[in-house]
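Asks: Quick check, what structure comes out for this input:
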Amino acid sequence: MVFYFESTIVSPPALIFMGVDKHENEDLIRWGWPEDVWFHVDQVSSAHVYLRLKPGQTLDDVPSAVIEDAAQLVKANSIMGNKMNDVGVVYTMWANLKKTAGMEVGQVGFHKEKEVRKVKVAKRINDIVNRLNKTKREEHPDFRAEREKRDRLEREDKKKLLRDQKKKEEEEEKKRKDDAELRGYNSLMSTTNMDKYDDGNDSDDFM
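Replies: Numbers count the residues shown, from 1 in each chain. Predicted coordinates for the structure are as follows:
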């Protein structure tokens, strides 16, 4: 089961979600999307919270208020973190998460530490948490099927882009050839070339 939330401070709302337990977190780690941003309270146990970016978005494109929403949500869903002030929350793109065979269920590391960002949450802001909880819904998604569908659509988009690009290149090549033929025809029919075939006689005069 996954809990889904909407950050309505932006339009359209940003999608935030988290697994109900560490086993769900394992599935989220395995079948995450390249567009997913992972959040966790630093140094203490907490829920794994994800923010799903729009295609083409980067972390630098995410409004700070949306980052704050996700950070508040992950703090509120940490037994220890929820009781503490000045809590650090780390976040990074899903692709930077590293899972090895020796790790416990729900535990992750990072491929590149330098790609992990950190934000400090001074205290829990109930207005933010309550606003997010009002949008909360429970679903039982098939993580693998959703990821495979996402990848299939991406492949289809790339194929369409390649087809459109090839068509454009073919049209441009045809235009270049047509322009070259037209220039050759105009050169052939120029006054200079026509003068070569002018003998000075009127073609209608047979006398």
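Asks: Please name the nearest non-neighbouring residue to the residue nearest in space to the middle of the chain.
Replies: Nearest to the mean C-alpha position of the chain, by Cα atoms, centre = their mean, lies Pro55 at 2.8 Å. Using Cβ to Cβ, 6 or more residues apart in numbering and skipping residues adjacent in sequence, the residue nearest Pro55 is Glu35, 6.5 Å away. All C-beta atoms are positioned from the backbone trio N, CA, C, and that covers glycine.
Asks: The one you found: what's it in contact with?
Replies: 52-55, 57, 94 (Cβ atoms under 8 Å, 6 or more residues apart in numbering).
Asks: go on, Val121?
Replies: 68, 71-72, 75, 86-89.
Asks: Mind checking which of those residues are in helices?
Replies: Assigned to helices by DSSP state H, the following of these qualify: 68, 71-72, 75.
Asks: Quickly list the domain ranges of the chain.
Replies: Residue ranges for each domain of the chain read 2-141, 157-195, as given by automatic domain parsing.
Asks: Quick one: the helices in this protein, in order.
Replies: Using DSSP H, helices in the chain cover 22-30, 64-76, 126-133, 143-188, 191-195.
Asks: ranking those by burial, who's on top?
Replies: helix 64-76 (a mean of 21; mean count of other Cβ atoms under 10 Å).
Asks: ends of stretch 70-86, how far apart?
Replies: 16 Å (Cα to Cα, to the nearest Å).
Asks: contacts for that stretch?
Replies: Outside stretch 70-86, the residues that reach it (Cβ under 8 Å, 6+ apart) are 5, 7, 16, 18, 37, 39-41, 44-47, 49, 51, 87, 89, 91, 119-125, 128-129, 132.
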